[in-house]
Structures are given as structure tokens and as C-alpha cells.
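[1] predicted model and sequence below, questions to follow.
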Amino acid sequence: MEHDILQFLGQLSAIQERTLSVLNRKQELLVKPDQNGLTEIAAEEHEVLELLRLCLERRAEILEEHAADSIQSLCQRMLPPHSECLRLAEEAARRSQMIQFQCQTNWVMTRKSVVHLSQMLEIIATRGQGKTTYHRQGEKENASGGGFVDRVA
């Protein structure tokens, strides 16, 4: 059993490291911004997602086989306290948190880009005049309600 868990944790570790590598490269591409690079990295992202999906399936099999709710609890319950499995499971949990943080960082960067683009479109649509591209009936045509960017921005 310990061998199976060690093998799983080794595979998980490699996949997590690859995931972090892809996420870090994607962040660099978002900062540049490099549209061609982002297009190219998409295939690698899909490949990593597939590896993670397979890893989750294997994890579910192990947990079901041993009636456990997590790999860490399985290691704590069935192996000695200073087992290599427990150390690897804790490292995997830390890497998982790093992956979540990196995903959130990339999401924020992407959202900021979208907001920036929408502001640029608003400026183009209004010819830089602070007028919105639409207005309610009965409202002054140059009211700033509903615009992404007005004269204050």
C-alpha cells in the first residue's frame, strides 16, 4: 500500500510542478502581453489539465479502496508518523495552495486586461468626449451614467 501511495504522490508532485511552470510562463505572457505565446501555451494547459484529471481519478480510487477522505489522513492512519508518504502529502498540499494562488493571480491579471480593453473601447466609441454610448429616454444626452470611462477618469 505504501508503495502505491508513494508512486501516486510522485506522479502528483511532477504534475503539480509542471502545472506551476505552465502557470508562471502564462503569467509572464500576460504581463508582456504576448498573444502568440498565450495561444501556444493553451495546448500545454489542456495537456496538464488532462494529467490532473487522471491524477484525481487515481486519487479517488486509492481513497475508495482504503475508505479514507484524503491522502494525508490515509498516510496518518496507516503509516508510521515520520513516513515519507506523509511528508510528500504535506508538500503536495502546499503546492496545491501555490497553484490556487497562481491561478487567482492570472485570473486577476486577465480581468484587469479586459477592463482596460473595455475602457479603451469606451474612449474610442465616445471619441474621448466623456459621453456615453447610450442614454435613457428623457436623460440628458451628455450624462455620464452608464459609461465605463468619463471625464474624471
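    Received, thanks. Keep in mind that what you see is a predicted model, and the values were worked out from it rather than measured.

[2] quick one, what contacts the residue nearest the centre of the chain?
    By CA atoms, centre = their mean, the chain has its centre lying nearest to residue 103, at 2.3 Å. By CB atoms under 8 Å, 6 or more residues apart in numbering, residue 103 lies in contact with residue 23. For every residue, glycine as well, the C-beta is placed using N, CA and C.

[3] separation between it and residue 113?
    16 Å (CB to CB, to the nearest Å).

[4] got phi/psi on residue 66?
    phi -110, psi 10 (degrees, to the nearest 10).

[5] and it, how far is that from residue 123?
    In terms of CB to CB, residue 66 sits 60 Å off from residue 123.

[6] same question for the strand or helix carrying residue 109, mean pLDDT?
    Using DSSP states H and E, residue 109 sits in helix 84-125. Computed over helix 84-125, the mean pLDDT rounds to 87.

[7] what do you get for stretch 44-58?
    The model assigns stretch 44-58 a mean pLDDT of 93.

[8] what residues does it touch?
    By CB under 8 Å, 6+ apart, stretch 44-58 touches 8, 11, 12, 15, 18, 19, 22, 26.
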